[in-house]
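> here is my input, please return the structure:
(one chain, ligands or ions: 2)
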Amino acid sequence: MRILITGGAGFIGSALTRRLIQHADHEVLVFDKLTYAGVLSSLEPVSTSNRYGFVQADVCDAEAVSAALEAFQPDVVAHLAAESHVDRSIDGPGAFIQTNLVGTFTMLQQALGYWRGLSEARRHAFRFHHISTDEVFGSLGEDGFFTETTAYDPRSPYSASKAGSDHLVRAWGHTYGLPVLVTNCSNNYGPYHFPEKLIPLIIIRALKGEPLPVYGDGSNVRDWLYVDDHARALQAVFERGEPGQTYNVGGDAERKNLDVVRTICGLLDQRRPRPDGRPYAEQITFVTDRPGHDHRYAIDASKLKRELGWAPSVTFEEGIARTVDWYLDNAGWWQDILDKRYATQRLGVA
Ligand code: NAD
Ligand code: DAU
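Numbers count the residues shown, from 1 in each chain. Ligands and ions are numbered 1, 2, ... in the order given. So this is what the prediction gives:
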């Protein structure tokens, strides 16, 4: 298959690209604007493959999207390009509206024109796969899980923009017959995670001897999925999922933020003890909470497991240990990002 991956230079898109080249025989064209979050070095492991190509362009640019579709002739569009960071959406929502809503609209319109021009057999086989988030469902109390039929209740500019994009995708499927798929996934973590997100931020700041910022009292709960397991789920869905369907993806690994931070500190204590021999947990600092901070997300992924035979392959304990080891072994990858002074106000490290 030929897969056009928007946002393929990002955290999840690069994991999907590496998987499809290294563990399958698909051809991939990455279509990415290379915003602050696009990191080309995450694609270095596959950059010499003759099944890999790259276009630097904006998903809001209809001509560039159309040209890429016509030139590459994909069987699947995997649409991951988005502004993805909740805190940034609170500080500046405009880019989220533009990329997540206008960009998804542009992708849908151009994909629809391309799809209509395909032969009947290729039209039948084509998929537009929209990659979305569990945050569209809002916030849970102590009990319950999000299912595919949970009502939408987005509460941040980021999640509202993703919810809107999900609705656009389903509308293009329902109204125009475009064969669409939607997946809503919980928090990913693993190698090549951009340093502004909780897990890499804590690892890097710990190593630099900086305070480890925990929002509020650290009791907020996220469900964590190792990124390569998400890539496996995405592949299963666009290869075998039923058009028009939505699949929830989750890790069965709910953790309180404070427990995640303490786990990372414990792993670093074993692997890279502080020069003064004191525990990294001493660096934990409780800071002002995120405005409108969702309390708990939890995913029921039983539909994906039942219908497509997918399950997470890595426990949180295995995945977080692998992740800490990867950041210890690949300081060049993240130091390069910090040297470009991305988001240094928020990261608080130079
Ligand atoms: P990311 O921020 O790491 O990467 C986003 C990528 O999109 C970057 O390479 C960036 O350059 C590119 N991009 C941004 N705006 C663009 C534009 N206008 N045109 C073209 N490219 C553009 O994001 P991620 O964490 O890899 O998330 C990927 C997708 O998965 C997003 O749609 C996100 O909403 C969704 N998602 C993320 C998670 C998570 O835990 N990270 C969980 C569920 C769903
Ligand atoms: O649930 C899926 C979502 O997960 C994705 O849709 C988003 O794209 C992705 O960014 C992620 O959103 P979160 O807001 O959950 O991720 P983040 O890493 O920003 O924060 C995780 C939790 O940790 C959240 O409860 C806020 C908290 N946090 C975050 C940071 C950056 C802290 O306590 N301290 C921090 O410094």
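
> look up how far ligand 1 lies from whichever residue of the stretch 201-350 of the chain sits closest to ligand 2.
Using C-beta to the nearest ligand atom, the single residue of the stretch 201-350 of the chain nearest to ligand 2 is residue 215, 3.5 Å away. Every C-beta, even on glycine, is put in place using the N, C-alpha and C of the backbone. Distance of residue 215 to ligand 1, given as C-beta to the nearest ligand atom, to the nearest Å: 16 Å.

> contacts only, for that residue.
Contact analysis of residue 215 by C-beta atoms under 8 Å, 6 or more residues apart in numbering lists 257, 287-290, 293.

> hmm, try it at 10 Å
Neighbouring residues of residue 215 by C-beta atoms under 10 Å, 6 or more residues apart in numbering: 87, 198, 257-258, 286-290, 293.

> what's the answer for residue 166, then?
If a contact means C-beta under 10 Å, 6+ apart, then residue 166 has 100, 104, 130, 132-133, 136, 152, 154, 180, 182-184, 246 as its contacts.

> let's go with 8 Å and repeat that
Here residue 166 is in contact with 130, 132, 136, 152, 182, 184 (criterion: C-beta under 8 Å, 6+ apart).

> residue 181 is in contact with the first one, correct?
Yes. With contact defined as C-beta atoms under 8 Å, residue 130 reaches residue 181; the gap is 7.0 Å.

> out of the two, which sits in the more crowded spot?
Neighbours per residue, other C-beta atoms under 10 Å: of residue 130 and residue 181, the larger number sits with residue 130, 27 against 23.

> the more buried one looks like it's in a strand, true?
Yes. Using DSSP: H, G, I helix; E, B strand; the rest coil, the assignment for residue 130 is a strand.

> quick check: beta-bridge partners of it?
residue 79, residue 182 (DSSP bridges).

> contacts only, for it.
Shown in contact with residue 130 (C-beta under 8 Å, 6+ apart): 79, 104, 165-166, 169, 180-183.

> can you lay out those residues as a markdown table showing pLDDT?
What follows is these, written out as a markdown table (pLDDT from 0 to 100):
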| residue | pLDDT |
| --- | --- |
| 79 | 99 |
| 104 | 99 |
| 165 | 98 |
| 166 | 98 |
| 169 | 99 |
| 180 | 98 |
| 181 | 98 |
| 182 | 98 |
| 183 | 98 |
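
> among the contacts of residue 166, which pair sits farthest apart?
The distance between the two most remote of the contacts of residue 166 (C-beta to C-beta) is 14.2 Å, for 130 and 152.

> from the contacts of residue 166, pick the one nearest ligand 2.
Checking the contacts of residue 166 against ligand 2 with C-beta to the nearest ligand atom, the nearest one is residue 132 at 7.7 Å.

> now the residue in the chain positioned nearest to ligand 1. Nearest residue, chain neighbours left out?
For the chain, the residue closest to ligand 1 is residue 10, as judged by C-beta to the nearest ligand atom, at 2.0 Å. Spatial nearest neighbour of residue 10, excluding adjacent residues (C-beta to C-beta, 6 or more residues apart in numbering): residue 37 at 5.5 Å.

> distance of the one you found relative to ligand 2?
From residue 37 over to ligand 2 the distance is 10 Å, taken as C-beta to the nearest ligand atom.

> I'd say that residue and residue 88 touch.
No. With contact taken as C-beta under 8 Å, residue 37 and residue 88 are classed as non-touching, separated by 9.4 Å.

> from residue 283, how far out is the most far-flung residue of the chain relative to its centre?
Residue farthest from the centre of the chain, counting by C-alpha atoms, centre = their mean, is residue 276 at 36.4 Å. Distance, residue 276 to residue 283, using C-beta to C-beta, to the nearest Å: 11 Å.

> give the contact list for residue 134.
146, 184-186, 223, 248, 250, 297, 299.

> next: residue 211.
The contact partners of residue 211, taken as C-beta under 8 Å, 6+ apart, are 205, 283-285, 348.

> now, which of the residues you listed lie within strands?
284-285 (DSSP state E).

> please name the nearest non-neighbouring residue to the residue in the chain that ligand 2 sits nearest to.
Closest residue of the chain to ligand 2, C-beta to the nearest ligand atom: residue 133 (3.1 Å). With C-beta to C-beta, 6+ apart as the measure, residue 162 is the residue that lies nearest to residue 133, at 5.2 Å, once sequence neighbours are left out.

> A strand includes the residue farthest from the centre of the chain, no?
No. Remark: residue 276 does not belong to a strand; assigned using three-state DSSP, it is coil.
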